[in-house]
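Chemist: just the structure for this:
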Amino acid sequence: QLQLVESGGGLVQPGGSLRLSCVASGFTSDYDAMGWFRRAPGKEHEVVACIDANDGTTYYPDSVKGRFTISRDDAENTVYLQMNNLKPEDTGIYYCLLDRSYWNLRFNDYGRSAVWGQGTQVNVSS
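Modeler: All right, here's what the predicted structure looks like:
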């Protein structure tokens with residue numbers, strides 16, 4: 001059974017950086033996209049980064065563009081989210097997920113067969 005385990009969250013001051021990691025254990029070749037969603041307090045989930053596993057196409061919403069970078073290490077079955085110049089509004093629970101379609105994630109959605117990690121908390125506060 002495919003499982004995703006995130007790590008790297010924590011408390012950071014505004015302007016600081018964090019690097020989230022997501023390790024996949026199990027059979028991943030059925031999934032064509034990897035992404036990170038976040039759920040901020042009182043808000044719906046929001047995609048903050050996604051990548052097409054076939055051609056490396058990435059997407060970032062305007063709220064994080066230029067500050068967040070998604071990358072992957074296929075040999076280690078790991079996807080990363082580098083977050084720089086963090087702001088208080090970046091606070092939330094960050095979830096890694098795999099989906100069969102890049103376009104689901106690109107449009108802030110996910111398929112029924114998407115696999116989610118357990119989430120890691122990010123707090124940006126002085």
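Chemist: surely S101 meets D32?
Modeler: Yes. Counting by CB atoms under 8 Å, S101 touches D32, with 6.4 Å between them. Using the backbone N, CA and C atoms, a C-beta is placed for each residue, glycine as well.
Chemist: who touches both of these two?
Modeler: By CB atoms under 8 Å, 6 or more residues apart in numbering, S101 and D32 have no common neighbours.
Chemist: for the residue nearest the centre of the chain, what are its contacts?
Modeler: Geometric centre of the chain, nearest residue: W36, 1.7 Å, by CA atoms, centre = their mean. Taking CB under 8 Å, 6+ apart, we find W36 in contact with 20, 22, 47-50, 70, 79, 81, 94-97.
Chemist: switch those over to TSV; also include secondary structure.
Modeler: Formatted as TSV, those follow (DSSP: H, G, I helix; E, B strand; the rest coil):
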residue	secondary structure
L20	strand
C22	strand
V47	strand
V48	strand
A49	strand
C50	strand
I70	strand
V79	strand
L81	strand
Y94	strand
Y95	strand
C96	strand
L97	strand
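Chemist: show me what contacts N108?
Modeler: H45, E46, V47.
Chemist: any chance of those in TSV, plus pLDDT, neighbour count and distance to T58?
Modeler: Below are the contacts of N108 laid out as TSV (pLDDT from 0 to 100; neighbours: other CB atoms under 10 Å; distance: CB to CB, whole Å):
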residue	pLDDT	neighbour count	distance to T58
H45	92	16	19
E46	95	15	16
V47	96	21	11
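Chemist: D74: which of the residues you listed is nearest?
Modeler: The closest of the contacts of N108 to D74 turns out to be V47 (CB to CB; 21.3 Å).
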